[in-house]
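Enquirer: what follows is a predicted structure for the sequence shown.
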Amino acid sequence: MSDHNLAIQHLLLDDDEAEHQFDDDERARFLAAAIIAGSEVSRQDRIDTRHPNRLYLCRPQLLPNPRINTPWQVLYNSHNDRAFITTMGVDVSTFSSLLTAMTRIGGRWTLW
């Protein structure tokens, strides 16, 4: 039996048995922790169910400086064939050839 289940079982005991298991301070600390944990779970559930179609990033998910070390810059500078194929469907040499051809056709392209 886990500690969590054991602690809940202790809360459900009648007063005589509970006094042998927990003193008043331990009971108060446990109850406070259970209330706080329950409120956090409830808050997260409200957030998750309030707007299930939110498909945008909020400030904590954004890069601190979007001009430095973006995922694209890291991928491009790695020259890793596997990463290129996974994200773009072409290897590094093919991407470089495409980039060169597009530069000749359309002028200078900025990658980042």
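Expert: Nice, I can see it.
Enquirer: from here on, just use CA atoms for contacts and neighbour counts.
Expert: Noted.
Enquirer: what about V92, neighbour count?
Expert: 19 (other C-alpha atoms under 10 Å).
Enquirer: need the longest helix for the chain.
Expert: helix 24-50 (DSSP state H).
Enquirer: quick check: mean pLDDT of it?
Expert: Mean pLDDT, helix 24-50: 85.
Enquirer: over to stretch 84-96?
Expert: For stretch 84-96, the mean pLDDT works out to 91.
Enquirer: ok now it, how far from the chain's centre?
Expert: Distance of stretch 84-96 from the chain centroid (C-alpha atoms, centre = their mean, to the nearest Å) equals 27 Å.
Enquirer: residues touching that stretch, excluding its own?
Expert: Identification of contacts with stretch 84-96 by C-alpha atoms under 8 Å, 6 or more residues apart in numbering yields L75, H79, N80, D81, R82.
Enquirer: hang on, the first one packs against D81?
Expert: What it means is L75. No: at 9.8 Å, L75 does not count as touching D81 under the criterion of C-alpha atoms under 8 Å.
Enquirer: centre-most residue in this structure?
Expert: Centroid-nearest residue in the chain: Q61, 8.3 Å away (criterion: C-alpha atoms, centre = their mean).
Enquirer: for that one, what are phi and psi?
Expert: Main-chain torsions, Q61, degrees, to the nearest 10: phi -90, psi -10.
Enquirer: about what we covered before: which element follows the longest helix of the chain toward the C-terminus?
Expert: helix 71-78 (DSSP states H and E).
Enquirer: check which element follows that next one along the chain.
Expert: Next element after helix 71-78 (DSSP H and E): helix 81-88.
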